[in-house]
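Q: Have a look; sequence and predicted model below, questions after that.
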Amino acid sequence: MVLQKIGRETILCTMLRSVPGKQYKVLILDDHTKLICSAVARMQDITSCNIATVDKLEINRQPINLEAIYFIEPYPNNFEIILNDFAITPKYKAAHIFVTEPVSNDIVLSLRKIKKYLLSYREVNFSFVPLSSNAFHLNKPELFQAFYDSRLEKLREALLTEMASQLVTVCVSLCNLPNIVRYRKQNGLNCELANKFKEKMKEFVRENPSQSWYSTSANLILLDRGFDTITPALHDLTLEPMARDMLQIGTPSSPDKYTYWVSTKQSKDEKEEKVAYLDDCGEMWEKYRFLFINEAASKVGDDLKTFTKKNVDFGEVVNTCSTAKFQYLLKKSSYQRKEQQQFGFLSNMAFECLSKYNGKLCALEQSLAIDVVEEGSTIDSQRLIKVKELLICKTLNQLEKLRLIFLYSSSINKGIRRNVLEELFLLANIPQHCIPAVTNFRHLNVPILKSDSLWQNHIPQARYEFPANEKRLENTKWCAVIYHLARLIIDSEKSKNKRENLLQQFPGIDLEVGESLKIQRLPNFSKFTGKFSKSASIDSTFDDGDPFNLLKKRGAIIIFVIGGISYAELKYAHMLTREDRVETIFGSSHVTTPNNYIEQVMQLT
C-alpha cells in the first residue's frame, strides 16, 4: 500500500500530529486537499489527532476560539481567503498553514500580514490523490478538453505547469528520482510536459539539497490518451471497473460512495436505501476489487459462509462470562457487525454487476478491439450484423451504443464511410448531432472516417491480446496497451532489442540532476506511526513486511497518462508489482469511466 501509506503518514504525522498542543483544532481544506485526505485517512483517524471539526475553505465559516490548520493548494486566491480570515476580527486563535507543493516567494511574503497569528508554515510535497497502492490522479479532469482543443492554449499551458509541479511531489513522496523522463513522441505536448517537469524537478533539487532518495534511476514515462483509445471504451469484467461503469458509485464530492437497495425486514417487496463507502473497507475491498466478476461473486459468498461459522454467538455467553471477557466480546461483536455489513454490500455489488452483465455485448467488444479488418470483408459483414442487432436492443443506453459504434468504426482498416456511420446512428435511434462522439477521436490522432486526411501519416494503434500466462475469463481477449508498455520497460534491462525498441518509441530528456546526488539510507517503514489496512495479494511480494522494500532495491516505474486513465487499466499496476517485484505505479490527470470518456470526446471541438 505504498502510495496510501505515504499519504497517511504525510497527513496524520507530518501535518496534523506535528502541530504542538493537546487542544482541539479546526482542519480547513480546499476541494483538492479534501480528496487527498479522504483517500488516505478516515474521519476517525483525523479526529484522533485532536481535530474538532473539518471545514471547507471556500465557505463562509463562523468564528471559533480554536487554532486552525489549513491544508491547501498554493493558489493566490486560497491565501487571500486565509488573510481575510484574520483581517479584521480573527476567526481563529492562530493559524498553521500546510501547502501541497512549493510556493512562490511573493505569496509567502504576503503572509507577513498575519505574522501575529501564524504559528507554523510548511510545504508537505504531497499534491496527488492516491487511488490505490499503485495508482494516483492529479484531480485535473478539465485537462482533457484543454489538451486536445487548440483554442484553449492558455488554459492548457497553466494546467501542464501545475501538473509538472504535482508530478514532482509524486517522485519526492516515493523518494525516487528519475534521471531521464521519457514521453510518447506522437504528440508534441508530451514533450512540453516533460520539459516543464525537468524545470520543476531541477528547481526542487536545487532548493532541497538534503532531500534523501531511495533511487536516482526511476522510470517516468509520459503518455497522452491517444496511445490507447480502446481500453477506456470497453466493458471490463473485473469487479471495480465493472461496478464503476454500471452501478451508482461516486459523486463529485464523494467518489467512493456506493448506493444500493435491499429488502426490509418487514417485507421482501419493500426496499430501503443503503450507503457504503469503498474507502472504508480497506483490506476487504483490496482483496476483491481486481478479481473477475464471477470469481468475486463466488469468493464473497464462500468467505461470508466461513465468517458466519466463526461468528461469536453473543447472546449465549453474555450471562456466564467475566467482565473482562464481556468487554472483549463487546468489542469483537462491534467488529463483526462492521465486517458483516462489508460482506453485505460487496455481495450486493458483485451480484448487481452480474445481473447487468451482457455476455453477447462484451464478447463482440473484445472481438472488435483485437482485430482490424477490411470493410466489406466476410468478418466485417458478420460483425456488422451483430452490431446492428445490439444497436436496436432496448437494454443498452445511448452511451453504451456510442461506445459500440466507436469500437466498430475503429476496427475497420482505413476508416468507415460516413453514410454507413449515419446509418448506424439512425438504427440506434441516436440523434445525428451526437456523431462527434465517434468522429472527434481524430483530435486524439485516431481517424475514424475514410475521408479523413489523417490516414496519410497515421500509425495504427497497438492492439494486444491478454497474456497467455494470466488467468482470464473465456471471452476476455483484449489487454490494455499500458500493460505491455510497462512490461517493455521491465524487460528492457534484460534485452538489448527491447531496450532499443523503448528508446525508439519513447525519446528521453535528461534531468541533469542525478549525478550530483547520493542515495542515502532512509528509515524503515516500521518506524512510521499508525496502522493501515493491507492487501494480502500485494503485501506478499514485500520482504519483512516493509512496503518500501521494492523502492529500495530498484527504482519505480511511473507511467503517467495525460487525459485520463480508466479503472480497467489500474489493475495492471498491481499485477505487474506482484509478478515482477518492481514497484509499478500508474497515474493520470484524472480517472475516468467509459461513459465519461465518450462524453468528453463528444465535447471536443
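A: Thanks, I have it.
Q: for stretch 219-233, the distance to its chain's centre please.
A: Stretch 219-233 has its average C-alpha position 14 Å from the chain's average C-alpha position, going by CA atoms, centre = their mean, to the nearest Å.
Q: Report the backbone C-alpha coordinates of it in PDB.
A: This file holds the C-alpha atoms of stretch 219-233, laid out as PDB (Å, rounded to 0.1, in the frame of the first residue of the first chain):
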ATOM      1  CA  ASN A 219      11.500   5.400 -14.900                       C
ATOM      2  CA  LEU A 220       8.900   8.200 -15.700                       C
ATOM      3  CA  ILE A 221       7.000   7.800 -18.900                       C
ATOM      4  CA  LEU A 222       4.600  10.500 -20.100                       C
ATOM      5  CA  LEU A 223       1.700   9.400 -22.500                       C
ATOM      6  CA  ASP A 224      -1.300  11.200 -23.900                       C
ATOM      7  CA  ARG A 225      -4.600   9.400 -24.100                       C
ATOM      8  CA  GLY A 226      -4.200   8.800 -27.800                       C
ATOM      9  CA  PHE A 227      -1.700   5.900 -27.100                       C
ATOM     10  CA  ASP A 228      -4.700   3.700 -26.300                       C
ATOM     11  CA  THR A 229      -8.300   4.900 -27.100                       C
ATOM     12  CA  ILE A 230      -9.800   1.400 -27.000                       C
ATOM     13  CA  THR A 231      -9.400   0.300 -23.300                       C
ATOM     14  CA  PRO A 232     -11.400   3.200 -21.700                       C
ATOM     15  CA  ALA A 233     -14.400   2.400 -24.000                       C
END
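Q: Any regions of this structure where pLDDT drops low?
A: Within the chain, the ranges that satisfy pLDDT under 70 run 1, 252-253, 265-266, 268, 279-282, 310-335, 468-475, 514-554.
Q: most residues in a single strand of it, which one?
A: Ranked by residue count, the top strand of the chain under DSSP state E comes out as strand 215-224.
Q: Report the contact partners of residue 229.
A: By CB atoms under 8 Å, 6 or more residues apart in numbering, the residues touching residue 229 are 410, 441, 444, 446, 461. No exception for glycine: its C-beta is placed from N, CA and C like everyone else's.
Q: again, 10 Å this time
A: 406, 407, 410, 441, 444, 445, 446, 461, 481, 563, 597, 601 (CB atoms under 10 Å, 6 or more residues apart in numbering).
Q: Make JSON lines from those residues and add neighbour count to it.
A: As requested, the contacts of residue 229 are exported to JSON lines (neighbours: other CB atoms under 10 Å):
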{"residue": "406", "neighbour count": "24"}
{"residue": "407", "neighbour count": "22"}
{"residue": "410", "neighbour count": "23"}
{"residue": "441", "neighbour count": "24"}
{"residue": "444", "neighbour count": "21"}
{"residue": "445", "neighbour count": "19"}
{"residue": "446", "neighbour count": "22"}
{"residue": "461", "neighbour count": "16"}
{"residue": "481", "neighbour count": "20"}
{"residue": "563", "neighbour count": "28"}
{"residue": "597", "neighbour count": "22"}
{"residue": "601", "neighbour count": "25"}
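Q: Dump the residues you listed to a markdown table, plus distance to residue 285 and secondary structure.
A: Listed next are the contacts of residue 229 as a markdown table, based on distance: CB to CB, whole Å; DSSP: H, G, I helix; E, B strand; the rest coil:
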| residue | distance to residue 285 | secondary structure |
| --- | --- | --- |
| 406 | 31 | helix |
| 407 | 30 | helix |
| 410 | 34 | helix |
| 441 | 33 | helix |
| 444 | 32 | helix |
| 445 | 37 | coil |
| 446 | 34 | coil |
| 461 | 33 | coil |
| 481 | 27 | helix |
| 563 | 27 | coil |
| 597 | 24 | helix |
| 601 | 30 | helix |
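Q: Would you confirm that residue 56 contacts residue 26?
A: No: applying CB atoms under 10 Å as the test, residue 56 and residue 26 come out as separate, 11.3 Å apart.
Q: out of the two, which sits in the more crowded spot?
A: Neighbour comparison, residue 56 and residue 26: the larger count goes to residue 26, with 19 against 13 (by other CB atoms under 10 Å).
Q: Pop out the phi and psi values for the more buried one.
A: phi -110, psi 130 (degrees, to the nearest 10).
Q: Can you tell me the closest non-neighbouring residue to it?
A: Closest residue to residue 26 in three dimensions, ignoring its sequence neighbours and counting by CB to CB, 6 or more residues apart in numbering: residue 68, at 4.7 Å.
Q: The one you found - how many residues pack around it?
A: Counted with other CB under 10 Å, the neighbours of residue 68 add up to 24.
Q: and residue 397, how far is that from residue 430?
A: Distance, residue 397 to residue 430, by CB to CB, to the nearest Å: 11 Å.
Q: Residue 228 versus residue 485, what's the distance?
A: 9 Å.
Q: Between those two, which contacts overlap?
A: Jointly contacting residue 485 and residue 228 under the rule CB under 10 Å, 6+ apart are 462, 464.
Q: hmm, back to that, the residue nearest to residue 26 should be in a strand, yeah?
A: Yes: under DSSP: H, G, I helix; E, B strand; the rest coil, residue 68 sits within a strand.
Q: and it, what are its bridge partners?
A: residue 26, residue 95 (DSSP bridges).
Q: quick one: contacts for it?
A: Here residue 68 is in contact with 25-28, 55, 61, 82, 85-86, 90-97, 117, 119 (CB under 10 Å, 6+ apart).
Q: cool, and residue 201?
A: Contacts of residue 201 by CB under 10 Å, 6+ apart are 164-165, 167-168, 171-172, 177-178, 181, 220, 511-513.
Q: hmm, back to that, tell me which of residue 397 and residue 430 has more neighbours.
A: Counted by other CB under 10 Å, residue 397 and residue 430 do not tie: residue 430 has more neighbours, with 18 against 10.
Q: Next, the more buried one: secondary structure please.
A: coil.
Q: likewise residue 21?
A: Look at residue 21: counting by three-state DSSP, its state is coil.
Q: Give the burial count for it, as a bare number.
A: 11.
Q: Just give the number of residues close to the nearest residue to it once chain neighbours are set aside.
A: Leaving aside its sequence neighbours, residue 21 sits nearest to residue 67 (CB to CB, 6+ apart; 7.2 Å). Counted with other CB under 10 Å, residues neighbouring residue 67 total 21.
Q: How much space separates residue 67 from residue 20?
A: For residue 67, the distance to residue 20 (CB to CB) stands at 10 Å.
Q: between those two, what contacts are shared?
A: 96, 119, 120.
Q: Of those, which is the nearest to residue 586?
A: Of all the shared contacts of residue 67 and residue 20, residue 586 sits closest to residue 96, with 33.5 Å by CB to CB.
Q: I'd guessed that closest one sits against residue 118; true?
A: Yes: Residue 96 is in contact with residue 118 according to CB under 10 Å; the separation is 8.1 Å.
Q: Compare neighbour counts for these two and give me the winner.
A: Between residue 96 and residue 118, residue 96 has the larger neighbour count (other CB under 10 Å), namely 24 against 16.
Q: list the contacts for the more buried one?
A: Contacts of residue 96 by CB under 10 Å, 6+ apart are 15-16, 18-21, 25, 27, 67-71, 117-122.
Q: of those, buried ones?
A: By neighbour count, with 16 or more other CB atoms under 10 Å, the contacts of residue 96 hold 15-16, 19, 25, 27, 67-71, 117-119 as buried.
Q: and the next element down the chain from the helix or strand hosting residue 283?
A: Assessed by DSSP states H and E, residue 283 sits inside helix 282-288. Counting by DSSP H and E, the element after helix 282-288 in chain order, helix or strand, is helix 293-310.
Q: what's that following helix packed up against?
A: Helix 293-310 is packed against helix 239-246, helix 282-288, helix 323-356, with contacts defined by 3 or more CB pairs under 10 Å, 6 or more residues apart in numbering; DSSP states H and E.
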